[in-house]
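Mind looking at a prediction? Sequence and model below.
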Amino acid sequence: MQQSMASLSTTLSLPSSCPSSCSRSSNKSINAAIHFSRPPRVRFSTPELTLTTQRTVDEPKTAPALLDSCTNSIDNDKSAEITTQLYMILEEVNDRVEMHRNVGEQRDNWNTLLLNSINMMTLAATTMAGLSAVSGGSSGGPLKLSSFLLFSASTGMLMIMNKIQPSQLAEEQRNAMRLFKKLDSEIKSKLALGGAMEADVEELVLKVLALDRAFPLPLLGKMLEKFPKKFEPATWWPSKSCRPVKEKKSERVPHQQSMESGNNNGWSEELETEMRAVVEVMKRKDVEDYVRLGNLVLKTSKVLAASGPSLTALAAVGSALMGPHSGGSWATMAALLGGALAAAVNTFEHGGQVGMVVEMYRNCTGFFGLLGESIETEIEERRENGELFEMKVALQLGRSLPELRDLAKKSIYSNTEGIELNEFASKLF
């Protein structure tokens with residue numbers, strides 16, 4: 001107790017010479033006594049806002065970047081829309097393929113069934129007419145009537161069959177199915193390669209509609225004329241005037257300027273001369289030859305189509321006039337010969353499928369017309385690579401590249417020397 005009092009008195013008796021130090025010491029003691037710890041700051045992290053703020057500081061000019069982003073978004077939406085449209089067209093093309101396949105098989109069956117039925121009716125009527133002439137009397141009456149009815153039915157059915165030409169109808173559907181399959185492959189190639197444009201979609205729609213017009217499915221009202229006055233090639237592609245423009249003419253590089261600048265896309269003056277020479281050979285040799293053959297087969301088909309019903313009608317009249325009178329022998333001869341010849345003509349016309357041959361020549365002539373038009377268009381616009389296009393033309397004509405170039409040289413030489421070229425452009429047909 002005494003020690004504590006002594007220390008207290010000692011503390012109180014400090015000299016006044018150190019007021020500042022004592023004051024600082026006391027201040028520190030007071031501050032330490034009343035100091036409160038601050039609560040920790042809660043920091044909410046906003047990455048997007050921070051990133052935007054930082055980007056704004058680092059890149060003050062963001063308008064071009066935002067414009068590019070919007071443009072890319074619009075391009076992606078447009079590309080997705082075009083892809084959707086291509087898939088829609090692809091579904092319709094596949095549906096057309098199945099429709100033409102089914103209808104083609106049906107019409108091929110028509111040709112076989114009608115041919116067999118009419119021939120059996122004609123031969124049966126001819127047999128009955130012969131038996132009626134031999135038997136005579138009361139037993140020949142029913143046979144003569146049956147022969148007349150069968151010949152009359154054969155005449156009517158043969159007129160309908162010759163009008164529609166089932167073999168030609170079946171060939172039309174086979175060609176349509178093949179061309180729609182080719183269009184299907186073209187659409188799949190565009191989807192695989194990408195980069196399709198609205199003009200490509202419009203062109204594909206026009207191709208589908210052109211094929212529908214060239215190879216109609218219904219018979220009544222839309223069936224192609226089977227006996228036209230003049231043989232004309234088939235046309236299953238849209239005309240140049242209807243095709244959409246894929247590139248503005250103002251943006252297109254002029255032909256001579258592109259050649260001088262080297263922007264020729266694989267084309268050269270020699271290649272253009274070669275392609276023009278090939279087109280000339282096709283027009284002078286292949287197209288003219290198929291038009292000549294087509295006219296010949298068309299005339300043959302017209303004669304056969306008129307001869308068959310005429311012979312069965314003659315046989316029907318002969319079977320009706322058969323009898324014991326003086327003209328009965330001639331009537332019997334007309335019935336027998338008319339029936340036999342009608343069966344032979346019918347077999348040659350529809351068994352030999354003369355109508356199918358007419359359609360085949362129409363299709364071949366149209367193929368050369370389409371190939372020549374595509375070559376002329378490609379020479380003007382040069383959208384495809386020239387070397388690849390040359391290879392495609394060579395394969396379509398059934399030739400190799402050296403053979404195609406040799407054909408072009410022969411064509412140029414024949415024009416220069418005035419010598420007729422005895423070689424056709426195509427080796428396939």
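It's in.

so Q165 touches K226, yeah?
Yes: between Q165 and K226 there is a contact at 4.6 Å, judged by Cβ atoms under 8 Å. For every residue, glycine as well, the C-beta is placed using N, CA and C.

what do the two both touch?
Jointly contacting Q165 and K226 under the rule Cβ atoms under 8 Å, 6 or more residues apart in numbering are 301, 355.

These two: which is more packed in?
Neighbours were counted for Q165 and for K226 using other Cβ atoms under 10 Å; Q165 has more, 27 against 18.

Now the nearest residue to the more buried one once chain neighbours are set aside: which helix or strand?
With Cβ to Cβ, 6 or more residues apart in numbering as the criterion, Q165 has its nearest non-adjacent residue at 3.6 Å, and that residue is G355. For G355, the host element (DSSP states H and E) is helix 354-381.

next SSE after that helix?
Per DSSP H and E, the first helix or strand lying C-terminal to helix 354-381 is helix 386-396.

Outside of that next one itself, list whatever touches it.
Applying Cβ under 8 Å, 6+ apart, the contact partners of helix 386-396 are 264-268, 271, 274-275, 278, 371, 375, 378, 400-401, 403-404.

Identify each buried residue in the helix holding G355, please.
Within helix 354-381, the residues that qualify as buried are 354-372, 374-375, 378-379, counting by 16 or more other Cβ atoms under 10 Å.

ditto for stretch 150-168
In stretch 150-168, residues buried by neighbour count (16+ other Cβ under 10 Å) are 150-155, 157-158, 161-162, 164-168.

Take those and keep only those in helices.
Members of these lying in helices (criterion: DSSP state H): 150-155, 157-158, 161-162, 164, 166-168.

Please determine how far V291 is located from L219.
Distance of V291 to L219, computed by Cβ to Cβ, to the nearest Å: 27 Å.

Ignore what I typed, I meant K299.
Taken as Cβ to Cβ, the span from K299 to L219 is 24 Å.

Same question for K182.
Distance of K182 to L219, given as Cβ to Cβ: 25 Å.

out of the buried residues of stretch 150-168, who's nearest L421?
Distance to L421, by Cβ to Cβ, is smallest for Q168 among these, at 32.6 Å.

List the contacts of the nearest residue to that closest one once chain neighbours are set aside.
Closest residue in space to Q168, ignoring its immediate chain neighbours: G355 at 3.2 Å, by Cβ to Cβ, 6+ apart. Taking Cβ under 8 Å, 6+ apart, we find G355 in contact with 165-169, 171, 226, 301, 349.
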